[in-house]
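Engineer: need coordinates for the following:
(one chain, ligands or ions: 2)
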Amino acid sequence: MRLGVAVDAPQYAALGDVLHYLSAQAVPPGSLLRVPLGRRDTLGLVWEQVSEDVPQDPGVTLRPVGEALACLPPLGEAWLRLVEFTARYYQRALGEVALSVLPPELRKLDDTALAKRLARLRRQWGLPAPEGEAVPKKRRRAAAAVEAAPPAPLPEPERPPLMPDQATVLEAIAAQFAAETPTCQLLHGVTGSGKTEVYLRAAEAALAAGKQALVLVPEINLTPQLEARFAERFPGRRLVSLHSGLTPAQRLLNWLGAHLGHADLVLGTRLAVFCPLPRLGLIVVDEEHDPSYKQQDGARYSARDLAVYRGRLEKVPVLLGSATPSLESWQQARTGRYQLLAMPHRVGQGELPKVRVVDMAQQPKPPQGREPPPLCPPVLAAVQERVSRGEQSLLFLNRRGFAPVLHCAACGWKSGCPHCSAWRVFHKGDRTLRCHHCGFTERVPTACPDCGNLDIEPMGRGTERLEEQMVALLEGVQRPDGSPARVARIDADTTRLKGSLEQQLAAVHAGEVDVLVGTQMITKGHDFRNVTLVAAVNPDSALYAADFRAPERLFSSLMQAAGRAGRDAEAAARSEMWIQTWTPGHALFAALRQHDYAAFAASQLDEREMAGLPPFSHLALLRAEARDPAVAEAFLRAARETARAWLAEHGEPPVMLYAPVPPQIAKVAGLERRQMLLEAGHRGALQRLLADWVPGLHALRAAHRGLARWAIDVDPLSI
Ligand SMILES: Nc1ncnc2c1ncn2[C@@H]1O[C@H](COP(=O)(O)OP(=O)(O)OP(=O)(O)O)[C@@H](O)[C@H]1O
Ligand SMILES: [Zn+2]
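Structural biologist: Numbering: from 1, shown residues only. Ligands and ions are numbered 1, 2, ... in the order given. From the prediction side, this is the model:
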């Protein structure tokens, strides 16, 4: 019989989504097997058994399939539908999506090797071997013991009594568990309102009903605390994590545990949305607004959106949670498509920090030719006060390195990247100039490369410099026990080594740091108990970014940052969030002062509606890259023509096809980038165009020699 098999080979995409092979016996869809592909042998996923009625192309000789991974139960129908939807919606080949979301290790294993991994999993978890499998003698007794023992009662976890907000919200969640077709719920809980406890209880309910729970988080190592809390809460249950930081072998084991139904709870990053779960009963998406839910290459899927889709497909409750929901989700709640659950109070009735906006224009000017200090006098005084009281401060600056650019005052030279349209950042620690876009790194020159001037100067400030300046500014300031203030920094540079982020966060939790300098990383989700001051050192830079989501992002990151302060109810009343800005009158800061997410969201949504931007329209971005910008542009223009022709022929509701333009950073790693935006009032209209148009672009590409890459991004996060 013939099998339709999905393989990961984009170059065969033009042949259709699945390739046909011969098989001596029926193999159910969702099974994995090896198949020959050209001169290679590759992993394939059985998609369908080809019906006898489909005529076979007489010119083609079908090849037989290779060995099946027979010890692995087939991936279920729901999983196949999710993958199919992802491929169609994000315009990628079926096989590419299917194979890219499976653990990479599977590609390397034959059936015997996989059986060994399964045996290892059973041993680790004390599971009996399946019927008919030979068990080594010394282990046979242990396995028998596992089988014979009556299921031990699960130890009772310790859990705090619920706050009133939590209790109300959990009742609404329980109603979804009982519903035939559950409605997606958006949990809008202010920072420190105890959303994690809600997730824990919801997961508990799913597990008690014999189901599996899937909990998605933006970046797992950012919140090691969370994993520990889940593990603690479910003693005796099997919890696995799934993220790219695992070794390939561990990732496979965890995935197998979930797929075989042994794991009760899966905690993972965006890729975990594709984890097969035969007993799925709940999906939680924590910090649902977080941009890292969007994959930035290959199939550029949004794991948050796919979680919602998966919930509908499998009829399980989906809970999206955030203190600052994405405007897309907020709008869904406003129109009643999602149910809004609110937790407007902090646990223990703690207050949110007082937001103080400092007008930088009113601050003393530095002497001629000198750079202003990183913190203006009132903010510095507030930090010093915290140190002397033994409380912690967070200084948030979203720019790493020492200085964003080096500059020669004599000739005007600046540290540009030769391969990108961007400056190279000065990193003082290892004395390098580094491009944050292409990675090009050189030792910092001792003199200006253009004129030989020895006085090249850093311009502006990154976290590395802020840390150095804070050490100097806090000299002589004493902690309550008379010891000096301790300054630390957390950003991508200090946390490159495995485990180092966990270690540095632990030091903050343990009170070994008085002033923590850092990027976005320090503002996300951490439950710091002793922080009473957060300062945004230079938030204005984000305000003027070209992207239409810039205000939403900035508001969200400032509100999340503020949320790290005063989490201990006792200290909440003297907690502050300071903002240094040149535009204190901006509406965004006014809403932030009131902690009024809803007001900010309403004003942003009004603006978006007037401008016809998401969520009131639907976007796709076609990107092209080439050494010669004219080639990238010509490709996009030709693509635009074919889209125009398609629209004219099909009489669809209009899809706006914008002219190709360079993105904000036009050149990266020697390639010029151009992009073309498509915008439609209806998702369906855009999808119908994409479905017919994108496949033709593969052929169009051939006519544009010198084109390095092209890609389509559906629902792009930044444009
Ligand atoms: N019912 C409860 N009783 C006592 N303490 C609680 C309760 N629920 C939560 N907490 C505690 O309140 C603190 C804040 O909770 P949590 O970290 O879940 O907040 P959050 O809503 O996720 O905030 P953020 O959005 O800032 O991450 C935690 O220390 C948590 O242990
Ligand atoms: Zn570069």
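
Engineer: residue ranges of the strands in the stretch 451-600 of the chain, please?
Structural biologist: 456-459, 487-490, 515-518, 531-536, 576-581 (DSSP state E, counting those that start in this stretch).

Engineer: of all these, which lies closest to Asp111?
Structural biologist: Ranking the strands of the stretch 451-600 of the chain by proximity to Asp111 (CB to CB) places strand 487-490 first, at 45.2 Å. C-betas here are computed from N, CA, C, even on glycine.

Engineer: residues contacting that closest one, please?
Structural biologist: Applying CB atoms under 8 Å, 6 or more residues apart in numbering, the contact partners of strand 487-490 are 463-464, 466-467, 470-471, 474, 501, 504-505, 507-508, 513-519, 521-522.

Engineer: how about a cut-off of 7 Å?
Structural biologist: Outside of strand 487-490, the residues within contact range by CB atoms under 7 Å, 6 or more residues apart in numbering are 463-464, 467, 470-471, 474, 504, 507, 513, 515-518, 521-522.

Engineer: list the contacts for Arg623?
Structural biologist: By CB under 7 Å, 6+ apart, the residues touching Arg623 are 673, 675, 710-711, 713.

Engineer: can you redo the residues you listed as CSV with pLDDT?
Structural biologist: As requested, the contacts of Arg623 are exported to CSV (pLDDT from 0 to 100):
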residue, pLDDT
Arg673, 97
Gln675, 97
Trp710, 95
Ala711, 94
Asp713, 97
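
Engineer: which residue is the nearest non-sequential neighbour of Arg400?
Structural biologist: Distances taken as CB to CB, 6 or more residues apart in numbering put Asp491 closest to Arg400, at 4.4 Å, once the chain neighbours are dropped.

Engineer: state whether the one you found and Met521 are indeed in contact, as I suppose.
Structural biologist: Yes: using CB atoms under 7 Å, Asp491 is in contact with Met521, at 6.2 Å.

Engineer: number of residues surrounding Leu406?
Structural biologist: 22 (other CB atoms under 10 Å).

Engineer: and if you look at Pro344?
Structural biologist: Neighbourhood size, Pro344 [other CB under 10 Å]: 12.

Engineer: quick check, pLDDT for it.
Structural biologist: Here, the pLDDT recorded for Pro344 equals 95.

Engineer: nearest residue to it other than its sequence neighbours?
Structural biologist: Per CB to CB, 6+ apart, closest to Pro344 is Val190, 6.0 Å.

Engineer: and the pLDDT for that neighbour?
Structural biologist: 95.

Engineer: residue nearest the centroid of the chain?
Structural biologist: Nearest to the geometric centre of the chain sits Ser292, at 1.9 Å (CA atoms, centre = their mean).

Engineer: ok now the helix or strand where Leu3 lies, how far from the chain's centre?
Structural biologist: Element membership for Leu3, per DSSP states H and E: strand 2-7. Counting by CA atoms, centre = their mean, to the nearest Å, strand 2-7 is centred 32 Å from the centre of its parent chain.

Engineer: one more: stretch 277-285?
Structural biologist: Using CA atoms, centre = their mean, the offset of stretch 277-285 from its chain centre is 19 Å.

Engineer: tell me the buried residues in it?
Structural biologist: By 16 or more other CB atoms under 10 Å, the buried positions in stretch 277-285 come out as 277, 279-285.
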